[in-house]
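1. return atomic coordinates for the entry below.
(one chain, ligands or ions: 3)
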Amino acid sequence: MNISVLQGQIQKQRGSALVLNLFQGAKPGGATKAVDEALGGLIGEALASGDFTGKRNEMLLLYPGKSRKGFALSRVLVVGLGKQAEFTLEIARQTAGTAARRLQELGVESALTILHGTGAGGLEAEAAAQALAEASILACYRFDQYRSGTPERSALGRLTVVENDAARLPAIRRGLRAGSEIARATTLARDLGNHPGNVATPGYLAGVARQLARRHGMRCQVIDERGMKKLGMGALLGVAQGSAQAPRFIVLEHNKKAGGKPLVFVGKGVTFDSGGISLKPGEKMEDMKFDMSGAAAVLGAMQAVASLKVPRYIVGLVAATENLPDGRAYKPGDILKTITGKTIEIVNTDAEGRLILADALGYARRLDPAAVIDLATLTGACVVALGGHASGLFGNNEQLSERVRLAGEAVNERCWPLPLWEEHREQIKSDFADMKNSGGRPAGASTGAALLAEFAGDYPWVHLDIAGTAWSTQSRPYIPKGSVGLGVRLLVELARTWKK
Ligand code: BES
Ligand code: MN
Ligand code: ZN
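-> Ligands and ions are numbered 1, 2, ... in the order given. Here you go, the predicted structure:
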């Protein structure tokens, strides 16, 4: 989708569709008022009838026809903003998403729109423009490349923001550009999560990383099994043992020349999680292709920080492997030696995410990081605790945890703090090794985090358990069913607002 801004009066434009908005219980104001007047009070009539009230995401679609002299827009779509006192940036996103998706469903290929919430809503033009671009692109996301025979429906390919105030154009352009790049990066992450496991293999993720590096001038290092052996990544190698697909450890570096300690993003990239020898039940096992959503978020975020030229040193680390049962597979009772030298007794081969992250977090120590954020579809326990409403947030540094939480609030990717106590560490004590890889069902999300904490060591670290949030079972205004691309927007927000 191509999104741009045009200076002019809204009621004088021509085109196939125009998007306007309205607060619940309010009279038309601003651009909506100008168009209502040009239409001889058509919007006012809909309001007077009570059929349209301006509730959040409510839509009124008008066809003005040729009757109104000088009015040359074939469709006018008014979207409700809800109550003015309850308005937020997230509602601006939802409004844009609701409108864009509706227009795309109608087969409209090009539309005009106003910014949402810059008038009575009180938003800055740049933030409103970013929200509009982000949500419009994300709402129109489709993943239908594996369907044969069905002809590709037309896409909403062009969106033009109409703004009368010339002084606001530079800020709007900046916002549209950022929103477009962030949405594109989120789209990449969604695609990676939606691709089946036979396509999105560890090698495929490495290929995507190399391509990003080439396009955006990043440094990319892909470590193969030999390299992992040299580094002592026995946990990642152990998980990978049962798979015919070779594991990959990806290191993507953006803007090292900026100097200073890097901000490091770490992603769990289990491209299919069968559970291994501790095999999962068959029901819904197909969903486990999404077990690389943390990796997808990291790759998406790296694309965005590179394309937006975020002026700091950022490193993305991805541990990628499958988890399958086989004659060579790792098994309960095995003891694996990690990159830090610490050993882990395997009591359940389905607790594989923490193992590969142990080596990734251990590897991060050599980067002397300013902060490390890992994202992982780590535990079913976190899904039980928080559902799809929030990602579980754990960490070893209050200030970093709060920063991550606030970044999540800003982009509406909510994170909720869960405890990480000495008692959780006790739960994973082993009779044979430094720790075991599962503490059983009680406090399952926290014991997973407790194992990770052993490998994060001294640097400020946050772990986000995205098991419940990375996949959406329902369609929302700018989030369709399936892979959410969750974490990209949060990480980019964190990177763009990061201060040493
Ligand atoms: N990838 C799963 C976590 C998961 C489960 C995500 C369900 C989404 C939905 C992870 O590798 C896993 O299997 N975790 C186990 C850990 C247990 C064996 C300690 C779990 O949560 O059951
Ligand atoms: Mn598992
Ligand atoms: Zn897993």
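
2. contacts, neighbours, all on C-alpha from now
-> Fine.

3. tell me, how many neighbours does Glu152 end up with?
-> Glu152 has 10 neighbouring residues, counting by other Cα atoms under 10 Å.

4. now do Ile223
-> Applying other Cα under 10 Å, we find 17 other residues in the vicinity of Ile223.

5. got the contact list for it?
-> Contacts here follow Cα atoms under 8 Å, 6 or more residues apart in numbering; on that basis Ile223 touches 248-251.

6. reformat these as CSV; add distance to ligand 1 and pLDDT.
-> Converted to CSV, the contacts of Ile223 look like this (distance: Cα to the nearest ligand atom, whole Å; pLDDT from 0 to 100):
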residue, distance to ligand 1, pLDDT
Arg248, 18, 98
Phe249, 18, 99
Ile250, 20, 99
Val251, 22, 98
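
7. in strands, which of those residues fall?
-> 248-251 (DSSP state E).

8. picking that back up, let me have the contacts of Ile223 in JSON lines, extended by distance to Gln7.
-> Output for the contacts of Ile223, formatted as JSON lines (distance: Cα to Cα, whole Å):
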{"residue": "Arg248", "distance to Gln7": "49"}
{"residue": "Phe249", "distance to Gln7": "48"}
{"residue": "Ile250", "distance to Gln7": "45"}
{"residue": "Val251", "distance to Gln7": "44"}
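
9. tell me the secondary structure of the closest residue to ligand 2 within the stretch 351-500 of the chain, please.
-> Residue of the stretch 351-500 of the chain nearest ligand 2, by Cα to the ion: Ala351 (4.7 Å). Following DSSP: H, G, I helix; E, B strand; the rest coil, we place Ala351 in the coil state.

10. who's in contact with it?
-> 275, 437-438.

11. dihedrals phi and psi, the closest residue to ligand 2 within the stretch 151-300 of the chain?
-> Among all residues of the stretch 151-300 of the chain, Gly275 sits closest to ligand 2, at 4.8 Å; criterion: Cα to the ion. The phi/psi pair for Gly275 (degrees, to the nearest 10) reads phi 100, psi -20.

12. how much space separates it from Met288?
-> For Gly275, the distance to Met288 equals 9 Å [Cα to Cα, to the nearest Å].

13. ok so, going back, the contacts of Ala351: which ones sit near ligand 1?
-> Applying Cα under 6 Å from any ligand atom to the contacts of Ala351, one finds that 275, 438 fall near ligand 1.

14. for the contacts of Ala351, give me a markdown table that also has pLDDT, distance to Arg489 and neighbour count.
-> Converted to a markdown table, those look like this (pLDDT from 0 to 100; distance: Cα to Cα, whole Å; neighbours: other Cα atoms under 10 Å):
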| residue | pLDDT | distance to Arg489 | neighbour count |
| --- | --- | --- | --- |
| Gly275 | 98 | 30 | 20 |
| Asn437 | 98 | 31 | 26 |
| Ser438 | 98 | 31 | 24 |
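
15. and of the contacts of Ala351, the nearest to Ala453?
-> Proximity of those to Ala453, judged by Cα to Cα, is greatest for Asn437, which lies at 12.7 Å.

16. wait, that closest one touches Gly353, no?
-> No. At 9.7 Å, Asn437 does not count as touching Gly353 under the criterion of Cα atoms under 8 Å.
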